[in-house]
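Participant: could you look at this predicted model? Sequence included:
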Amino acid sequence: MDIDGADFLARGITAIGPEGIVFEGIDLRVRPGELGVLTGPGGSGRTAMLLALSGRLRLASGHLEVSGHVLPSQARAVRQLVLPARLRPGFELDEQHTVRGVITERRLISGISRPAVDELLARVGVDPYPSDLIWELHPAERLLLSIALAAAAAPAAIVVDDVEAGLTAAGRTRVWTALRLLVQTGMTVIASSTEAPSGDAVVIRLPRPEYDEPTDVLAWGGGGW
């Protein structure tokens, strides 16, 4: 698997939701094949930032481009380059479906082959029973399955929200290890977490804004995977 990763460049980007500022004046640069980590307390806009970087949230100001595609005018192209592995709400596995069901659904939506799925499941180190319901999986396995299904489509980048949510220290280590294996393919990975992992990563720290992050951010033009 050899991927041409996405290149992210942002200068002074700001997003505003119904309750006020979500994040403000953020600069970042994540180059192809790097692991970028958005950190910050609850309400600092981590999820909204991932939506913006994947072409699914309209910014109020600033400059944002992904592999030369300038947002918002080229948001459709960015959405083809950058796939959500997990973004809450809206981009999560249906907990009432079986593993077999979500794999079949994703293959139909994305046109990915079963060998591609199997390769990514092995790469990230997860092998759930096909008949298991998603809610029955260990939280780390559930997230790794989401990551594998997004990466199987061989996008230039994936985004992953709340890496640490519900995980033990061992589970977090397992997920960060899997994400580092993905960047070795050339794929760019941008994830959010309350704390940055140890090791080599591009860390973007988001301060808490004056207002709490709204639950209904102003996304546009980007339903589905």
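Facilitator: Structure received. Residues are numbered from 1 along each chain as shown.

Participant: C-alpha only now, for contacts and for neighbours.
Facilitator: Will do.

Participant: which parts of the chain are helices?
Facilitator: Assigned by DSSP state H, the chain shows helices spanning 46-53, 75-81, 99-110, 114-124, 139-151, 169-183.

Participant: deepest-packed of the ones you listed, please.
Facilitator: A comparison of the helices of the chain by mean neighbour count, using mean count of other Cα atoms under 10 Å, puts helix 46-53 on top with a mean of 26.

Participant: for this protein, which segments count as strands?
Facilitator: 8-17, 20-30, 35-39, 61-66, 69-70, 82-86, 157-160, 188-193, 202-205 (DSSP state E).

Participant: what helices or strands is the first one leaning on?
Facilitator: Taking 3 or more Cα pairs under 8 Å, 6 or more residues apart in numbering; DSSP states H and E as contact, the helices and strands that strand 8-17 lies on are strand 20-30, strand 61-66.

Participant: dump the ones you listed to CSV, plus mean neighbour count.
Facilitator: Below are these laid out as CSV (neighbours: other Cα atoms under 10 Å):
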stretch, mean neighbour count
strand 20-30, 19
strand 61-66, 19
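
Participant: nearest to Ser110, of the ones you listed?
Facilitator: strand 61-66 (21.1 Å; Cα to Cα).

Participant: contacts for that closest one?
Facilitator: With Cα atoms under 8 Å, 6 or more residues apart in numbering as the test, strand 61-66 has contacts from 6-15, 25, 53, 70-71, 78.

Participant: redo that, cut-off 6 Å
Facilitator: Residues from elsewhere that reach strand 61-66 (Cα atoms under 6 Å, 6 or more residues apart in numbering): 7-14, 71.

Participant: what subset of those residues is buried?
Facilitator: Buried subset of the contacts of strand 61-66 (neighbour count, 16 or more other Cα atoms under 10 Å): 7-10, 13-14, 71.

Participant: now mean pLDDT and distance to Gly186 too, for the helices and strands packed on strand 8-17, in a markdown table please.
Facilitator: Output for the helices and strands packed on strand 8-17, formatted as a markdown table (pLDDT from 0 to 100; distance: least, Cα to Cα, whole Å):
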| stretch | mean pLDDT | distance to Gly186 |
| --- | --- | --- |
| strand 20-30 | 95 | 12 |
| strand 61-66 | 97 | 15 |
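
Participant: dump the ones you listed to JSON lines, plus distance to Ser146.
Facilitator: As requested, the helices and strands packed on strand 8-17 are exported to JSON lines (distance: least, Cα to Cα, whole Å):
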{"stretch": "strand 20-30", "distance to Ser146": "22"}
{"stretch": "strand 61-66", "distance to Ser146": "23"}
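
Participant: still on that earlier bit, mind putting the helices of the chain in JSON lines, mean pLDDT included?
Facilitator: What follows is these, written out as JSON lines (pLDDT from 0 to 100):
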{"stretch": "helix 46-53", "mean pLDDT": "96"}
{"stretch": "helix 75-81", "mean pLDDT": "96"}
{"stretch": "helix 99-110", "mean pLDDT": "93"}
{"stretch": "helix 114-124", "mean pLDDT": "96"}
{"stretch": "helix 139-151", "mean pLDDT": "96"}
{"stretch": "helix 169-183", "mean pLDDT": "96"}
